[in-house]
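> 3D model of this:
(one chain, ligands or ions: 2)
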Amino acid sequence: MDILILGAGGREYSIGLALSKDENVDKIYFAPGNGATDTLGENLTISDFSELADFVESNGVELTIVGPEGPLVDGVVDVFESRGLNIFGPSKSAAQLEGSKIFMKNFLARHNVPTARYIETDSLEEAYKFIETLSTPIVVKADGLCGGKGVIIAQSYDEAKRAAGEMLSGNSFGDAGTKIVVEEFLDGYELSVFAICDGKDYVVLPAAQDHKRLLNNDKGPNTGGMGAYAPTPLVNDDIYRKLDERVIVPTLEGMKAEGMPFKGVLFIGVMVVDGEPIILEYNVRFGDPECEELMPLLKSPASELFYKAARGNLADAKIEFYDKYAVGVVMASKDYPYKSSPAAEIIVDDIHHDELKDNAHISYAGVSRGDDGKLYATGGRVLVCVGLGDSIAQAQERAYMLVGQVHFAGKQCRTDIAYQAL
Ligand code: AMP
Ligand code: GLY
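Residues are numbered from 1 along each chain as shown. Ligands and ions are numbered 1, 2, ... in the order given. Model (predicted):
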């Protein structure tokens, strides 16, 4: 079958890479894709949803997979489904789980899914009052999509009040901050858990851990994610069971009961506090860079997983994973995450070592192809070096061996990805 992938990041590259090795897949299209996805398929310049649906129809593309949250929140799935096209992702109404933190928090409360104590408000007075009832640190979040930057962890009451004031006045996040959530700080370790859902049934992927801070030892500013690994040994059967019973099942049943069955990736941001999984947030798409580690762990054909989920037939699928570990190290540009950096040519040394050739690869993200045919680092997170192994240590070693083969001016990466598991 032919498949279209919407998006331009390392996440979409890694989905394309998995599909390119799948014998059920003939041709892969990306819209828009990046400077490296053209080695896996064809990049399209169409962005309008109806025009994309026209393309899919006239070219016999059997499945569309949506990578990022933007088009989901904007209703791309509704447009495709109204025309009878197969698309993997949640409807616009179901995508509110990510598109509105207030919708998400109220949904969790309605369905008794454990989450941090909170209020939603558009009143500064109310925010101040609630802030006074919490102990520090205090978490203040803008309601809408802010590209992962709408969360302030305030260390003092003053800072929390200032953050609430700036958001509510529209100064920090514009309309996305005209309503806010104030919540208690959860102290524990964070997991990324992904369930592939078809509206009724689901498959839980091996739990991953992301590294959101820029610098080693989780120091420095928050980023989109500087590296991840999976499966993490920090999740045992007891936590998986609690996630099933207390989180995934009530969420999928709740979404169905509220008339918006959830199809696509349910990304569960979990904080484990004293052995109890508490939900920080939902996203409605794969994490990036978590997807780059999960795709190579998938043993079953990727097309089967996505196609059956899109068609509501996951119950018929037997999805298997390799008994291996994957570690992904993000290589970012010089001024990430503060500002964009000048384009820099990427040079990858020839890899002669068989161990590395067979057990490591690059997922390209913020890259562009120059007129000279060379690949340039043009985005913040440029690429992810992924290593696979029989242990986390081995996967980590291979990922960093590959990092050593990749060169571009100003490259930066953490050197401790997966440290919590080692
Ligand atoms: P969010 O966009 O809601 O996932 O928040 C971004 C990051 O802020 C999360 O990945 C956590 O690391 C952190 N965070 C958010 N909410 C809380 C909370 N209630 N307690 C502790 N950390 C939090
Ligand atoms: N890596 C976290 C995210 O994609 O939001």
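
> quick one, phi/psi of the residue nearest the centre of the chain?
Per Cα atoms, centre = their mean, the C-alpha nearest to the average position across the chain is that of residue 287, at 1.3 Å. Main-chain dihedrals, residue 287, degrees, to the nearest 10: phi -70, psi 150.

> before we move on, what about residue 142?
According to degrees, to the nearest 10, residue 142 has phi -70, psi 150.

> can you give me the strands for the stretch 1-150 of the chain?
For the stretch 1-150 of the chain, applying DSSP state E, counting those that start in this stretch gives strands covering 3-7, 28-32, 42-43, 63-66, 87-88, 118-121, 138-142.

> need the ones you listed in a markdown table with distance to residue 77, mean neighbour count and mean pLDDT, can you?
Just so you know, the C-beta spots here come from the backbone N, C-alpha and C atoms, and that holds for glycine as well. Formatted as a markdown table, the strands of the stretch 1-150 of the chain follow (distance: least, Cβ to Cβ, whole Å; neighbours: other Cβ atoms under 10 Å; pLDDT from 0 to 100):
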| stretch | distance to residue 77 | mean neighbour count | mean pLDDT |
| --- | --- | --- | --- |
| strand 3-7 | 10 | 27 | 98 |
| strand 28-32 | 15 | 22 | 98 |
| strand 42-43 | 22 | 16 | 98 |
| strand 63-66 | 7 | 25 | 98 |
| strand 87-88 | 5 | 27 | 98 |
| strand 118-121 | 26 | 20 | 92 |
| strand 138-142 | 24 | 25 | 93 |
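
> is it true that the residue nearest to the centre of the chain touches residue 227?
No - using Cβ atoms under 8 Å as the test, residue 287 is too far from residue 227 to be in contact (11.6 Å).

> Quick check: neighbours shared by these two?
Residues touching both residue 287 and residue 227 comprise residue 210, with contact defined as Cβ atoms under 8 Å, 6 or more residues apart in numbering.

> Within range of ligand 2, give me the residues from the protein.
The chain has residues 148, 210, 224, 225, 283, 287, 288, 290 near ligand 2, with proximity defined as Cβ under 6 Å from any ligand atom.

> Out of these, flag the one nearest to ligand 1.
When the residues of the chain next to ligand 2 are compared for distance to ligand 1 (Cβ to the nearest ligand atom), residue 148 comes out closest, at 5.9 Å.

> now residue 362, what's its secondary structure?
Assigned by DSSP: H, G, I helix; E, B strand; the rest coil, the conformation of residue 362 is strand.

> Just give the closest residue to it, not the sequence neighbours.
Excluding the flanking residues, the one nearest residue 362 by Cβ to Cβ, 6 or more residues apart in numbering is residue 383, at 5.2 Å.

> is it true that that neighbour lies in a strand?
Yes - Residue 383 forms part of a strand when assessed by three-state DSSP.

> Surely it and residue 376 touch.
No - if you go by Cβ under 8 Å, residue 383 and residue 376 don't touch, sitting 11.4 Å apart.

> of these two, who's got more company?
Using other Cβ atoms under 10 Å, the more surrounded residue of residue 383 and residue 376 is residue 383, with 33 against 19.

> what sits against that one?
Residue 383 neighbours (Cβ under 8 Å, 6+ apart): 10, 330, 331, 346, 362, 363, 364, 365, 366, 367, 377, 406.

> Check these for burial and list the buried ones.
10, 330, 331, 346, 362, 363, 364, 365, 366, 367, 377, 406 (16 or more other Cβ atoms under 10 Å).

> okay, these in TSV with distance to residue 144 and pLDDT next?
Output for these, formatted as TSV (distance: Cβ to Cβ, whole Å; pLDDT from 0 to 100):
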residue	distance to residue 144	pLDDT
10	24	98
330	26	98
331	30	98
346	34	98
362	33	98
363	28	98
364	29	98
365	24	98
366	24	98
367	29	98
377	30	98
406	36	98
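
> In helices, which of these appear?
The helices, defined by DSSP state H, take in residue 10 from the buried ones among the contacts of residue 383.

> what about residue 401, neighbour count?
The number of residues near residue 401, taken as other Cβ under 10 Å, comes to 17.

> shouldn't residue 384 be in contact with residue 326?
No - counting by Cβ under 8 Å, residue 384 stays clear of residue 326, with 10.4 Å between them.

> Tell me the spacing between residue 357 and residue 367.
21 Å (Cβ to Cβ, to the nearest Å).

> residue contacts, residue 261?
Residue 261 touches 94, 199, 200, 252, 255, counting by Cβ under 8 Å, 6+ apart.

> what do you get for residue 336?
With Cβ under 8 Å, 6+ apart, residue 336 has these contacts: 214, 223, 380, 381, 412.

> what secondary structure does it sit in?
coil.

> pLDDT score for it?
With respect to pLDDT, residue 336 scores 96.

> what residue ranges in the stretch 51-200 of the chain score low on pLDDT?
146-149, 177 (pLDDT under 70).

> which residues in it form helices?
For the stretch 51-200 of the chain, the helices defined by DSSP state H, counting those that start in this stretch cover 69-73, 76-82, 96-99, 101-110, 124-133, 157-168.

> need these in TSV with distance to ligand 1 and mean neighbour count, can you?
Formatted as TSV, the helices of the stretch 51-200 of the chain follow (distance: least, Cβ to the nearest ligand atom, whole Å; neighbours: other Cβ atoms under 10 Å):
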stretch	distance to ligand 1	mean neighbour count
helix 69-73	11	22
helix 76-82	22	19
helix 96-99	9	23
helix 101-110	7	19
helix 124-133	13	15
helix 157-168	12	20
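
> looking at it, residue 218 is touching residue 209, isn't it?
No - assessed by Cβ under 8 Å, residue 218 is found out of contact with residue 209, at 11.1 Å.

> What residues are bridge-paired with whichever residue of the stretch 251-400 of the chain sits closest to ligand 1?
Closest approach between the stretch 251-400 of the chain and ligand 1, counting by Cβ to the nearest ligand atom: residue 281, at 3.9 Å. Beta-bridge partners for residue 281, by DSSP bridges, are residue 269.

> change the start of the numbering to 54 and stick with it
In the new count, where the first residue is 54, that last one comes out as residue 334.

> near ligand 1, which residues of the protein show up?
169, 192, 194, 201, 204, 236, 238-239, 243, 265, 322, 333-334.

> picking that back up, among residue 271 and residue 262, which residue is more densely surrounded?
residue 262 (24 against 16).

> part of a strand, is the more buried one?
Yes - checked against three-state DSSP, residue 262 lies within a strand.
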